[in-house]
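In: based on what follows, work out the 3D shape:
(one chain, ligands or ions: 1)
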Amino acid sequence: MKLVKGLLALSIGAVIAAQSMSVQAKELTIGFSQIGAESEWRTANTNDVKAAAKKHGVNLKFSDAQQKQENQIKAIRTFIAQKVDLIGFVPIVATGWDNILREAKRAKIPVLIMDRDLTVSDPSLYVAKIGTDSYTEGRKVFDWLDGYIHEKNIKPRNGGDKINIVILEGTVGASATTGRGNGFNDALKESPNKDMYNILASQTGDFTRQKGQEVMESFLKSNRNDIDVLFAMNDDMALGAIQAIEAAGLVPAKDIVIVSVDGVKGIFQAMIEGKSNATVECNPLQGDLFFETAKKILNGEAVPKSVFVEEGVYPAEVAKDVFPSRKY
Ligand code: GZL
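Out: From the prediction side, this is the model:
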């Protein structure tokens, strides 16, 4: 009897091994819906996804949504019709995904989220999220700023009693925008120094350099001599704002302290030129982790519901030394 049981166990084991081998060996086809190409960060994210797909031997069906949620929904529907093995996407905004994800679930195609977060009525509509912790990024922005203001003993330019802050927000409704805003505001509210700060204005620049410059121009038009700090929710908007600050005859990083998020090469160059004060890293290099996780999912392995990638804070003082090692 023991022999029979042993043989049975062996043959079941062989079948499971063969099945997992089949997933490993079979070339996977993964549909990926990317937001667009709105920033240096997004381009780095896209390049990393494509390179990682090659490295992992995955047949990648890549779609660029040109900043439109409806294009992402169309792309996901196409992936379903093509019967891809797995669907990945970066949700441009947090809501409006339930219906299309129900279609994917009905088609028994697992969904893996990258970068931004989403809000759905049923968490089983996606398997997991590989992303960036925008709330912590926002808290890191305020913590660095508060330390800098005290270290440099910076006083309000208009002689008043408040350090006036303007904020360039990201895409309206994006988790990166709400997360960074909530993190910044919570850290400010919890600070013993909260009464010395005032949010003078806050408006979306949609994560683009062009809009960042335009909105900063409008801020300067109405408050040129009152603005002490710019918090830009990504480096591209900060780079646009720097152009507006210089055009207004002010000195960026001196008259107006500038702190932003992402850590792209462009802001490191600006910090080296003395035109920005700090960047909080938001790591776009998520491709490896994404495809490793995708393979685990398709192998039937359990994966964490949410994983964040590592991120640091880079003040201008370290920019020159760190720049050569930057990968994006
Ligand atoms: C953040 C990412 C944001 C970047 C922007 O995780 O989604 O989108 O901060 C990008 O640069 O456009």
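
In: show me what contacts the spatially closest residue to Ile113 that is not a sequence neighbour?
Out: Sequence neighbours aside, Lys129 is the residue nearest to Ile113 in space, at 4.1 Å (criterion: CB to CB, 6 or more residues apart in numbering). No exception for glycine: its C-beta is placed from N, CA and C like everyone else's. The contact partners of Lys129, taken as CB atoms under 8 Å, 6 or more residues apart in numbering, are 112-114, 117-118, 305-307.

In: start and end of stretch 226-246, how far apart?
Out: End-to-end distance of stretch 226-246 (CA to CA, to the nearest Å): 16 Å.

In: what comes up buried for that stretch?
Out: 226-245 (16 or more other CB atoms under 10 Å).

In: now Leu60: which helix or strand?
Out: strand 59-64 (DSSP states H and E).

In: strands paired with that strand, and their directions?
Out: If you go by DSSP bridges, strand 59-64 pairs up with strand 29-34 (parallel).

In: my guess is Pro304 contacts Gly131, does it?
Out: No. Contact criterion CB atoms under 8 Å: Pro304 and Gly131 do not qualify, at 11.4 Å.

In: more crowded one of these two?
Out: Gly131 (25 against 10; other CB atoms under 10 Å).

In: and the nearest residue to the more buried one once chain neighbours are set aside, how many neighbours does it have?
Out: In space, and not counting its chain neighbours, Gly131 is closest to Asp115: 5.5 Å by CB to CB, 6+ apart. Applying other CB under 10 Å, we find 28 residues neighbouring Asp115.

In: contacting residues for Asp115?
Out: Asp115 neighbours (CB under 8 Å, 6+ apart): 45, 90, 130-132, 176, 284, 286.

In: show the backbone phi and psi for it.
Out: phi 70, psi -90 (degrees, to the nearest 10).

In: got it, and Gln203?
Out: phi -150, psi 150.

In: hang on, it packs against Thr177?
Out: No. The criterion here is CB under 8 Å, and Gln203 misses it with Thr177 at 11.4 Å.

In: look at the two and report which has more neighbours.
Out: Thr177 (23 against 16).

In: and the more buried one, what does it touch?
Out: 134, 169-171, 204, 233.

In: what about stretch 82-91, start to end distance?
Out: End residues of stretch 82-91 are separated by 21 Å (CA to CA).

In: can you give me the buried ones in it?
Out: 84-91.

In: is the ligand within reach of that stretch?
Out: No. Using CB under 6 Å from any ligand atom, stretch 82-91 stays clear of the ligand, with a minimum separation of 6.7 Å.

In: does Gly179 count as helix, strand or coil?
Out: helix (DSSP: H, G, I helix; E, B strand; the rest coil).

In: on that earlier part again, for the residue nearest to Gly131, give its distance to the ligand.
Out: 5 Å (CB to the nearest ligand atom, to the nearest Å).

In: cool, and Ile165?
Out: From Ile165 to the ligand the distance is 19 Å (CB to the nearest ligand atom).

In: so what pairs up with the closest residue to that residue other than its chain neighbours in the strands?
Out: Using CB to CB, 6+ apart and skipping the chain neighbours, the partner closest in space to Ile165 is Val229 (4.4 Å). When assigned by DSSP bridges, Val229 has beta-bridge partners Ile165, Val257.
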